[in-house]
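K.L.:
sharing a model that was predicted from the sequence below.
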Amino acid sequence: MDTIFTIGIFLSFFLAILLVTKKSKNLADTILGIWLFIIAIHLLGYFIYTLGFWDKYPHLVGTTLPFPLLHGPMLYLYTLYSLRNENKLRRLDYLHFTPALLCYLYMLPFYFTYTEEQKVLVDNGLLDYSALFSTVVLISFFVSGLAYPIISYHVLGKHKKLIDDNFSYDNCISLDWLKYSIWGIGAVYVSAVVISILREGLGMQFTFNADYIFYLIIILFVFCIGFFGIRQQNLFSENGINKKAQLVQEKQGADYKKSGLKSEVAKEVHQRLTKLMTEQKFYTNPKLTLNELAQSVEVSPNHLSQIINQYEEVNFHDFVNRYRVEEFIKNASAHKEITILSHALDAGFNSKSSFNSVFKKHRGLTPSTFIDQLAKKT
């Protein structure tokens, strides 16, 4: 176990330095680097505690107590600024660290007025520092640890919807690594809640140090977030989202009433859109965006998004890919000697993985299964 902790601590420090010194880093890289440094200190603090160093050096007692209140805010900020093309935090963002700061401020008398003997007694549970404070901190840990992953997941979901409203492709703007980060931190706190309930609430005695469970999850999280976070390119790089792109957020029916688009105009634009998609096959462009299609249809991106949503009842991503799926089926039925991937690329898909997921979403079965069924019919 000591070896695992040593590797986790070293890797956290190493990845933090690597991210902070990374060339052309963005704000998300900096946030992740700082977060990994915090994780490294947190792991180091617990590791030296298990080695008995807090008994030898009582002034260390409680120094990392508020650290669990930092992981939720860091997850949220990392998620938020991985999805935003900004290079500095807002003033409001610093408020997320208020609970940890208040915790440290409340503990100032403990840090500077308690004797070494008293700190040892508090650490061993033989002297009560403040039962109310301990309860409030414990509840705060759980609330923060469970609330921030939920909030982060909501932010991620909104951004995923924004991507689907504006882009017809998925490559280079994958958000899976953020989803895994959220799940990882959520798993840490869920395990902490379960263990605390079993140990403190139900009085269950474990035959091993149960704290190792969520510290091991943290170490595993470091491995995963370090790998995905470092290798992930900026969403707003030239291969991802264009920095100058006007992203349109799909609205609800009530909001469309305020758009100023008359129904007869919308109907005419929809007919023109359908004709252009059918005859000129814009969907075969694997990098087609809402802005590009709007220029071809000679309408604003906002109005085009409204028309697609109201007349087709899908977002832009599903609208374009529906045409691609139908194009694939038509070509695959007529030319069975050509490979599935070749047909997919000709239809406008830019990768095998995205084609498989889109096809299964629209048809309910994999492309290979569809081709097999098609062969049996003939």
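P.N.:
Structure received.
K.L.:
where do the helices sit along the stretch 251-378 of the chain?
P.N.:
Assigned by DSSP state H, counting those that start in this stretch, the helices in the stretch 251-378 of the chain fall at 253-256, 263-279, 290-297, 301-307, 316-334, 340-347, 352-363, 367-377.
K.L.:
please identify the most buried of those.
P.N.:
Mean neighbours per residue, mean count of other C-beta atoms under 10 Å, is largest over the helices of the stretch 251-378 of the chain for helix 301-307, with a mean of 22. Yep, even glycine has a C-beta here, placed from its N, CA and C like the rest.
K.L.:
helices and strands around that one, which ones?
P.N.:
Here helix 301-307 touches helix 263-279, helix 290-297, going by 3 or more C-beta pairs under 8 Å, 6 or more residues apart in numbering; DSSP states H and E.
K.L.:
residues in contact with the longest one?
P.N.:
This points to helix 263-279. With C-beta atoms under 8 Å, 6 or more residues apart in numbering as the test, helix 263-279 has contacts from 282-283, 293, 296-297, 299, 303-304, 306-308, 310-311, 323.
K.L.:
the last one now?
P.N.:
Contacts with helix 290-297, where a contact means C-beta under 8 Å, 6+ apart, come from 165-167, 245-246, 248, 269, 272-273, 276, 280, 282, 285, 300-301, 303-305, 316, 320.
K.L.:
flag every buried residue along the lengthiest helix in the chain.
P.N.:
Criterion DSSP state H: the longest helix present in the chain is helix 131-166. For helix 131-166, burial by neighbour count (16 or more other C-beta atoms under 10 Å) applies to 137, 140-142, 144-146, 148-149, 151-153, 155-156, 159-160, 162-166.
K.L.:
what's the following helix or strand after that helix?
P.N.:
Using DSSP states H and E, the helix or strand that directly follows helix 131-166 along the chain is helix 176-196.
K.L.:
tell me what that next one is packed against?
P.N.:
helix 68-82, helix 131-166, helix 211-231.
K.L.:
gap between H343 and L178?
P.N.:
Counting by C-beta to C-beta, to the nearest Å, the gap from H343 to L178 is 32 Å.
K.L.:
in this structure, where is pLDDT below threshold?
P.N.:
170-175, 226-260, 377-378 (pLDDT under 70).
K.L.:
the same query, at a cut-off of 80, please.
P.N.:
Residues of the chain meeting the criterion pLDDT under 80: 1, 22-24, 84-85, 124-131, 169-178, 180-181, 199-211, 214, 224-261, 374-378.
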